[in-house]
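*Asks:* my questions concern the predicted model and sequence given below.
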Amino acid sequence: MLRSIRFAIIISLLASAAFCAPAEKLVICDFERDSDAARFVVRATTPPSRLTVVTEHACGGTRAASIYFPKWREGSEQWPAVILTAENGLPTDWSGYDAVACEVFNASTSEVDLGFFAADAAGKRASQHFALAAGKSTTMRMALDATPANFDLKHVKELHIFATRPPDAISVYVDDIRLESDVIPRLTKAGDLIDKLRKDSKDCAAEMAPLLNELDETYADLCYRASRATDSAALRKLRPEIVSLDTRLRTQAARAIPEARLRSAARKLSAKSQYACGFARSMEKIFPKDVPFTCSTAREATVELAGNETECVQLLIYAFTQDLKGASVHVGPLTMVGGKGGLIRPAVEASPVGFVETKKPPYAVRYVGWHPDPILDFLKSFDVRKGEIQPVWVRIKAPAGTPPGDYRGQITIKAANASPTTLALKVHVWGFDLPKQTHLRTAMSLYDHFLANAYGTVTEPMRAKYEDFVLSYRINPDNIYRPAPPPIESLLRWNREGLNAFNIIYVRTPDGLKAGDPYPPDRKQAILAKLDEIVPKLKANGLYSKAYVYGFDEIGPESYAAMKDIFGAIKAKYPDLLTMTTGREHTYGEASGIDAVDAWVPLTPYYDLDRAEKARARGKQVWWYTCIGPKEPFANWLIEYDASDARVLMGLQTAKYRPDGYLYYAMMRWPLTKKPITDGPYTDWPP
């Protein structure tokens, strides 16, 4: 009945004046006048960028803006842009709108990266990048609710359409720059989401009925009130409630379906069940609340792996009737099916996943709040709050030489105030071992000096424990900013555990360097002296082939001469010692003529496979890296991003684009840390 009422109200709404209100879209610029071009400031570049009003690729009207940004060259502006300011007619109060948008046709011959940038009166910034396919039209839309928390939407000062160091010339047509209010579209989508929830929850309809009835009533009330609105201002007054409903539908309501399935499965086993259990993939972050998830309600989890490999699955504990007190998980020994096998068998550990609280960052994220992150292997028992889900990380490791076949074990979940539950774990071991050393070389910095922030002092056993931990995941315990060579004893230990690359020393960019300056002679001699001391030891211990020298972190052309000078001196003495830089040179040495760099390391968005292959033909390597950027849609390690990003970046994308290695500046960077994690699952660790 409610569903029929809802559709009747929507039909009424579609015919109402409120839906036709012109202020639902506030046009910033439609380029229908020749004078519109003069409203924009075109940032100076070499050669010049330009904006002209033309008749091609117009949207709705008869004209559009043709924007041209040249291929970036060393020494030119890194962020070419066309800029509209409040002085030239940019509306300043965006608080009543949901997005800034425009239509774009990419006339370039390849995909381009274009973005919106906005600044408020206090200088706070918001931006978003868009990947635009060649020869295609795209709507660029930056959601305003994703702007940083301190961005003042009532006092917006500037709007830019910009690019970042274009690797090739950009030619696009832009039209209909506007502010959008999505009150009615969002309300309509809310109805669609309710319908989808009902359709997706047929297998647990009884569990979902109370929630769906409540959502129908809320939706019908909002539709009725929207139909009574006489103008757009009245509609926008409903926006907070509509946004609240939309948020609820995309978070708690979407999450309610897997929760209902878990409850239903538990109650089929016992009508008195106080909690439910399920399994989830290791590539999905399971939040304690709010965020939708997928899981299996099966009573058995299956994991497959090779010898000398570790694989994981997540056990989910859902407390749906009361808080669970003193919960614990125990996994019994795995035994081979059929009674075969030997002394070597897979080992299993189960540890609760801890949560850290995030704040709204200066980039768009899907959720702010408690995120799953640390694995609390010290925490042997824990509480689960009513209505929340606690993930438990089940880690299976098959040592090298594990006999192939199927193994089974038992998982037991206990709590102080609830009956125990038993689940099954099946592990299939393939008939081969993975090598200890991976083929992909890494330059990932382990800042062991930050251990003092958490523990007060740093001991050698503690340092070695962290090094061995990352080595167990086939990551080199490296430091690209290392001021002195690592001890030979450490290198030998790392080498036994699979080391495949390490930095000898960091070549720092001198302060106050001017374009054309050579590297300071005294500092050059000091670096060469350190190399003279360590290189013979590396060669004597069979470590030299894995060594490299990293320097000139993210430099521009003003430092090229100095880099060429010092790296040239290193290559003159040690021609087979790899030199590496993240210096910004998007032709990987071809345009600049810098031959003393052996390995160029661009940020992932600026990695170009064709240019990389040309560089390799010249005897060079091309790695890639990420840091605090790039942001979505590019894969990265940011805590707010999907867990699958790591697998995609290090697996699928590496296989497709074939970088020679991967660099990351900081595996552990704890400037706000004052103590280690000592409790959980909710922790006080600053992410």
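*Replies:* Great, that's in hand.

*Asks:* for residue 22, report the pLDDT, please.
*Replies:* pLDDT, residue 22: 35.

*Asks:* residue 74 too?
*Replies:* Reported pLDDT at residue 74 in the predicted model: 73.

*Asks:* and stretch 100-117, what's buried?
*Replies:* Of all the residues in stretch 100-117, those buried under the rule 16 or more other Cβ atoms under 10 Å are 100-108, 112-117. The C-beta positions use only the backbone N, C-alpha and C, and glycine is treated the same way.

*Asks:* from those, which is closest to residue 133?
*Replies:* The nearest member of the buried residues of stretch 100-117 to residue 133, counting by Cβ to Cβ, is residue 106 at 6.5 Å.

*Asks:* which residue comes closest to the closest one once chain neighbours are left out?
*Replies:* Excluding its sequence neighbours, the residue lying closest to residue 106 (Cβ to Cβ, 6 or more residues apart in numbering) is residue 132, at 4.2 Å.

*Asks:* packing partners of the host helix or strand of residue 188?
*Replies:* According to DSSP states H and E, residue 188 maps onto helix 183-200. Secondary-structure packing of helix 183-200 (3 or more Cβ pairs under 8 Å, 6 or more residues apart in numbering; DSSP states H and E): helix 2-15, helix 205-227, helix 232-237, helix 239-248, helix 254-269.

*Asks:* mind checking which of those helices is nearest residue 366?
*Replies:* With respect to residue 366, and counting by Cβ to Cβ, the nearest of those is helix 239-248 at 11.1 Å.

*Asks:* got the contact list for stretch 479-498?
*Replies:* Residues from elsewhere that reach stretch 479-498 (Cβ atoms under 8 Å, 6 or more residues apart in numbering): 435-438, 443, 445-447, 464, 467-468, 471-472, 474, 476-477, 499, 502-506, 530, 533-534, 537-538, 541-543, 546, 550, 553, 663, 665.

*Asks:* show me these that map onto strands.
*Replies:* Of these, the ones assigned to strands by DSSP state E are 443, 502-506, 550, 663.

*Asks:* which regions of this protein sit below the pLDDT cut-off?
*Replies:* Scanning the chain for pLDDT under 70 picks out 1-23, 341.

*Asks:* can you spell out the domain ranges of it, please?
*Replies:* Following the assignment in automatic domain parsing, the chain carries domains at 2-8+187-269, 31-181, 277-433, 441-664.

*Asks:* closest to residue 673 out of these?
*Replies:* Set against residue 673 and scored by Cβ to Cβ, the domains of the chain come closest in domain 441-664, at 4.3 Å.

*Asks:* give me the distance between the two termini of the closest one.
*Replies:* Chord length of domain 441-664, first to last residue, is 12 Å (Cα to Cα, to the nearest Å).

*Asks:* now residue 354, what's its secondary structure?
*Replies:* strand (DSSP: H, G, I helix; E, B strand; the rest coil).

*Asks:* list the contacts for it?
*Replies:* Residue 354 sits in contact with 372-376, 379, 677, 680-683, 685, where contact means Cβ under 8 Å, 6+ apart.

*Asks:* so the helix holding residue 188 versus helix 205-227, what angle?
*Replies:* Taking axes from the mean of the first three to the mean of the last three Cα atoms, to 10 degrees, one finds helix 183-200 and helix 205-227 inclined to each other by 160 degrees.

*Asks:* ok now stretch 251-261, how far from the chain's centre?
*Replies:* From the chain centre to the centre of stretch 251-261 is a distance of 24 Å (Cα atoms, centre = their mean, to the nearest Å).

*Asks:* quick one: residues in contact with it.
*Replies:* 193, 197, 200-201, 203-204, 207-208, 211, 215, 278, 289-295, 297, 318, 320, 367, 389.

*Asks:* repeat for stretch 40-52
*Replies:* Contacts for stretch 40-52 (Cβ under 8 Å, 6+ apart): 37, 65-70, 73, 75-77, 79-85, 88, 162.

*Asks:* buried stuff in that stretch?
*Replies:* Buried positions in stretch 40-52, judged by neighbour count with 16+ other Cβ under 10 Å: 40-43, 45, 49, 51.

*Asks:* which of these sit farthest apart?
*Replies:* So, the buried residues of stretch 40-52 by Cβ to Cβ: farthest apart are 40 and 45, at 14.3 Å.

*Asks:* now the contacts of residue 354: which count as buried?
*Replies:* Among those, those classed as buried by 16+ other Cβ under 10 Å are 372, 374-376, 379, 677, 680-683, 685.

*Asks:* list the buried residues for the helix or strand harbouring residue 330?
*Replies:* Take DSSP H and E as the rule and residue 330 turns out to sit in strand 324-331. Within strand 324-331, the residues scored as buried using 16+ other Cβ under 10 Å are 324, 327-329, 331.

*Asks:* just stretch 417-431 next, same as before
*Replies:* Neighbour-count burial for stretch 417-431 flags 418, 421, 423, 425, 427, 429 (criterion: 16+ other Cβ under 10 Å).

*Asks:* what about that stretch, distance to the chain center?
*Replies:* 31 Å.

*Asks:* could you pull out the strands for the stretch 301-450 of the chain?
*Replies:* In the stretch 301-450 of the chain, the strands defined using DSSP state E, counting those that start in this stretch lie at 309-319, 324-331, 335-336, 347-357, 370-375, 382-384, 389-398, 405-415, 418-433, 441-444.

*Asks:* from residue 82, how far off is the nearest residue to residue 411 once chain neighbours are set aside?
*Replies:* Leaving out its chain neighbours, the residue that sits closest to residue 411 by Cβ to Cβ, 6+ apart is residue 423, at 4.4 Å. According to Cβ to Cβ, to the nearest Å, residue 423 stands 59 Å off from residue 82.

*Asks:* then residue 632?
*Replies:* Per Cβ to Cβ, residue 632 is found 24 Å from residue 82.

*Asks:* quick one, which of the two is more surrounded?
*Replies:* residue 82 (22 against 17; other Cβ atoms under 10 Å).

*Asks:* using the three-state scheme, assign that one.
*Replies:* Reduced to three states with three-state DSSP, the structure at residue 82 is strand.

*Asks:* about what we covered before: is it true that the residue nearest to residue 411 touches residue 277?
*Replies:* Yes. Counting by Cβ atoms under 8 Å, residue 423 does reach residue 277; the two are 6.1 Å apart.

*Asks:* now for the two: what residues contact both?
*Replies:* Shared contacts of residue 423 and residue 277, defined by Cβ under 8 Å, 6+ apart, are found at 315, 413.

*Asks:* which parts of stretch 85-96 are buried?
*Replies:* Quick answer for stretch 85-96 (16+ other Cβ under 10 Å): 85, 90-91, 94, 96.

*Asks:* any chance of those residues in a markdown table, plus secondary structure and distance to residue 524?
*Replies:* As requested, the buried residues of stretch 85-96 are exported to a markdown table (DSSP: H, G, I helix; E, B strand; the rest coil; distance: Cβ to Cβ, whole Å):
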| residue | secondary structure | distance to residue 524 |
| --- | --- | --- |
| 85 | strand | 47 |
| 90 | coil | 51 |
| 91 | coil | 56 |
| 94 | coil | 53 |
| 96 | coil | 60 |
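
*Asks:* from these, pick the one nearest residue 24.
*Replies:* residue 96 (10.4 Å).

*Asks:* surely that closest one and residue 183 touch.
*Replies:* No. Contact criterion Cβ under 8 Å: residue 96 and residue 183 do not qualify, at 9.6 Å.

*Asks:* and the residue nearest to residue 106, how many neighbours does it have?
*Replies:* By other Cβ under 10 Å, 21 other residues sit near residue 132.

*Asks:* residues contacting it?
*Replies:* Going by Cβ under 8 Å, 6+ apart, the list of residues near residue 132 reads 104, 106, 111-114, 138, 140, 172.

*Asks:* for residue 85, list each beta-bridge partner.
*Replies:* residue 158 (DSSP bridges).

*Asks:* which residues touch it?
*Replies:* By Cβ under 8 Å, 6+ apart, the contact set of residue 85 is 41, 157-158.
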